[in-house]
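>>> Predicted structure and sequence below. I'll ask about it afterward.
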Amino acid sequence: MKVKKEEYFQQLSDAVVNMEEEKAVAIAVQVVEQHIDAFEAIEKGLSDGMTRAGKLYEEEEYFIPELLLCADAMYAGLDVLKPHLKVSGEAKGKIIIGVVEGDTHDIGKNIVKMMLETAGYQLIDLGRDVPPQRFVTVAKAEQAQMIAAATLMSTTMDKMEHIIKLLETEGLRGKCKVVVGGGPVSPAFAKKIGADAYAENATEAVRITKDLVSC
């Protein structure tokens with residue numbers, strides 16, 4: 001009996017959550033062999049699994065060691081699927097992405113970056129532990145349409161508001177959208193600091209970016 005693609009996606013997601021690197025690779029190989037869309041497999045399989053792992057981390061059922069093992073499984077699957085991605089040839093806009101100062105967790109940021117690149121956007125990755133001024137300086141220099149800022153720590157969320165205030169000071173707020181995301185971030189927080197949107201996960205980030213960025 002032929003396995004439905006949704007079952008492959010679920011198996012990929014489970015492999016990530018269960019920290020099963022070899023299984024993630026095996027399922028990803030099957031996805032390629034079955035000619036299933038790689039972007040969809042990443043979005044609904046690997047990325048979904050990492051989102052689930054992130055929630056377990058927030059609930060303190062998983063800790064950093066488990067989260068890193070989940071990431072290993074996800075990246076192992078990605079290595080198989082990435083060569084089969086159909087990248088959009090049309091340049092849709094320039095986005096600055098990074099993890100705010102004080103936080104060095106970049107798993108979620110890396111997933112969002114890859115999904116946005118696949119969707120056709122030009123990403124400038126500042127990495128992790130990025131000061132607010134650097135986001136703004138690079139956005140100005142590159143004439144970026146959007147800043148995507150992430151954090152997994154509640155103690156660094158204020159840096160996101162600082163980015164928005166600096167954009168206002170530089171007179172760039174109307175030209176550069178700001179999307180925030182990460183474990184402790186919420187729609188209410190995004191609204192409070194004046195961000196343009198909150199993205200719960202990589203899939204949502206792509207959808208939001210399509211609404212906000214037109215170039």
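In hand now; what should we look at? Numbers count the residues shown, from 1 in each chain.
>>> going forward, measure contacts and count neighbours with C-alpha atoms only.
Will do.
>>> ok, and the closest non-adjacent residue to N18?
The shortest distance from N18 to any non-neighbouring residue, by CA to CA, 6 or more residues apart in numbering, is to C70 (7.0 Å).
>>> And P132, by the same measure?
Using CA to CA, 6+ apart, the closest residue to P132 is I163 (4.9 Å).
>>> what's the answer for I36, then?
Nearest residue to I36 in three dimensions, chain neighbours excluded: K5, at 7.0 Å (CA to CA, 6+ apart).
>>> That neighbour: neighbour count?
Using other CA atoms under 10 Å, K5 has 16 neighbouring residues.
>>> Contact partners for the residue nearest to P132?
132-133, 135-136 (CA atoms under 8 Å, 6 or more residues apart in numbering).
>>> Now tabulate these in CSV and tack on pLDDT and neighbour count.
As requested, the contacts of I163 are exported to CSV (pLDDT from 0 to 100; neighbours: other CA atoms under 10 Å):
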residue, pLDDT, neighbour count
P132, 98, 23
Q133, 98, 14
F135, 98, 25
V136, 98, 24
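>>> Tell me where this structure has strands.
Remark: strands assigned in the chain by DSSP state E are 94-99, 122-125, 146-150, 177-181, 197-199.
>>> To M114, which of those lies closest?
Closest to M114 of the strands of the chain is strand 122-125 (CA to CA; 8.8 Å).
>>> Starting from the closest one, tell me which strands it pairs with and how they run.
Strand 122-125 has its sheet partners listed here by DSSP bridges as strand 94-99 (parallel).
>>> For the strand it pairs with, what is the distance to the chain centroid?
Distance, stretch centre to chain centre, for strand 94-99: 10 Å (CA atoms, centre = their mean, to the nearest Å).
>>> Report how many residues lie close to E60.
E60 sits with 10 neighbouring residues when counted by other CA under 10 Å.
>>> what separates it from H35, distance-wise?
38 Å (CA to CA, to the nearest Å).
>>> Domain-wise, how is this protein divided?
Listed by automatic domain parsing, the domain ranges of the chain are 5-84, 94-212.
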